[in-house]
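> Task: produce atomic coordinates for the following.
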Amino acid sequence: MVGSAIVRELKRQGYTNIIGKTHSELDLTRQADVEDFFEKEKPEYVIDAAALVGGIKANSEKPAEFMYINMEIQQNLIWSAFKSNVKKFLFLGSACMYPKECPQPMKEEYLLTGLPEITNEGYALAKVSGSRLCSYINKEYGREFISAIPANSYGIGDSFDPEHSHVIPALLVKYHNAQKNGDKQVVLWGTGSAKREFINNKDIASACIFLLENYSSPEPINVGTGEEVSIMELSKMIKKITGFEGEIVTDPTKPDGMMRRICDNSKISGLGWKAEVSLEEGLRELDEFYLKQAVK
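As a prediction, this is how the structure comes out:
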């Protein structure tokens, strides 16, 4: 999702010499294949947006896969890029890297000051290790290996798979199915009171290019909107957009995850970047994208 948005933004800004591979063309978990790719293509700049991702259900049920596969992907990419003398490398982390009991908004220096949220611990630990490896390379060798921490991402290209989707596409599917089936209610996981910051993948893409041009510090940097919404408020927005007229019922037996998660974006804001896509605008665009996919 984010990778495809980055390619679109690069093209929009006039970049043409872009190297991209699908999973079928290059399996990033295979070290030898990744090394061969760097030896052959010799990219100068790399943005690592590749990852095994999923919502709270997938992360809770398969922590081993989320940790191991993501470790394989990022370590292969980072170390191969280092060995092939890539000029600049940008690793994309995740806001779930921050401790569960973290002061809000979350500042970059709060990383590793506590334990991660248990429902996504495997994924979080993998992402922390990738960010740290870039930081070590930056400090030890003076190479421009940097990392960014986006808030919860969504947008065109999102997965609507019920087993792997994040909260926004999962809710879109749930409401459309409820409307189609004539259901009188939609069940929302958890209490609905947990708060999140959501950023459209268009904004993440523009931030990535901005950071390649304007940031070289070994310390990670947050990328977000500075705005938060409760899961219940988000659910009501999606209910309105999809036209569902039933009621929302919460299921407190299901986990909320971290109760509040919003990034402190003062560092990237101070450099001159800010998000442009409002949550409502992004939700409506994603809803249109989903409906087009459903028709195919």
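> Mind listing the residues bridging to S230?
On the basis of DSSP bridges, S230 is bridged to K195.
> Make residue 1 into 58 and carry on from there
Sounds good: first residue 58 from here, last item S287.
> what's it in contact with, if anything?
By CB atoms under 8 Å, 6 or more residues apart in numbering, the contact set of S287 is G249, S250, A251, K252. Yep, even glycine has a C-beta here, placed from its N, CA and C like the rest.
> After the helix or strand of the chain with the lowest mean pLDDT, which helix or strand is next?
Sorting the helices and strands of the chain by mean pLDDT, DSSP states H and E puts helix 113-118 at the bottom, at a mean of 83. Once the chain leaves helix 113-118, the next helix or strand it forms, by DSSP states H and E, is helix 120-140.
> For that next one, give me every contacting residue.
85-88, 91-92, 94-95, 100, 103, 105, 107-109, 111, 115-116, 146, 148, 177-180, 182-184, 186-187, 190-191, 194, 198, 200, 202.
> And the following helix or strand past that helix, what's buried?
Per DSSP H and E, the first helix or strand lying C-terminal to helix 120-140 is strand 145-149. Of the residues in strand 145-149, K145, F146, L147, F148, L149 count as buried by neighbour count, 16 or more other CB atoms under 10 Å.
> Could you tell me the angle between strand 145-149 and helix 120-140?
Per axes from the mean of the first three to the mean of the last three CA atoms, to 10 degrees, the angle that strand 145-149 makes with helix 120-140 is 170 degrees.
> Note down every partner strand of strand 145-149 and its orientation.
If you go by DSSP bridges, strand 145-149 pairs up with strand 102-105 (parallel), strand 201-207 (parallel).
> Just the CA trace of that strand, in CSV.
Provided in CSV are the C-alpha atoms of strand 145-149 (Å, rounded to 0.1, in the frame of the first residue of the first chain):
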residue,chain,number,x,y,z
LYS,A,145,20.7,7.0,1.3
PHE,A,146,18.4,4.5,2.8
LEU,A,147,15.0,5.2,4.5
PHE,A,148,13.4,2.6,6.7
LEU,A,149,9.7,2.9,7.5
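> tell me the average confidence for it?
In this model, strand 145-149 carries a mean pLDDT of 98.
> List the contacts of that strand.
Strand 145-149 is contacted from outside by 59, 101-106, 108, 131, 135, 138-139, 187-188, 190-191, 200-205, 207, 261, 265, 268-269, 273, using CB under 8 Å, 6+ apart.
> List only buried entries from those residues.
Neighbour counting with 16+ other CB under 10 Å marks 59, 102-106, 108, 131, 135, 138-139, 187-188, 190-191, 200-205, 207, 261, 265, 268-269 as buried within the contacts of strand 145-149.
> What is the neighbour count of the nearest residue to C159 once chain neighbours are set aside?
Closest residue in space to C159, ignoring its immediate chain neighbours: Y167 at 5.3 Å, by CB to CB, 6 or more residues apart in numbering. Neighbourhood size, Y167 [other CB atoms under 10 Å]: 16.
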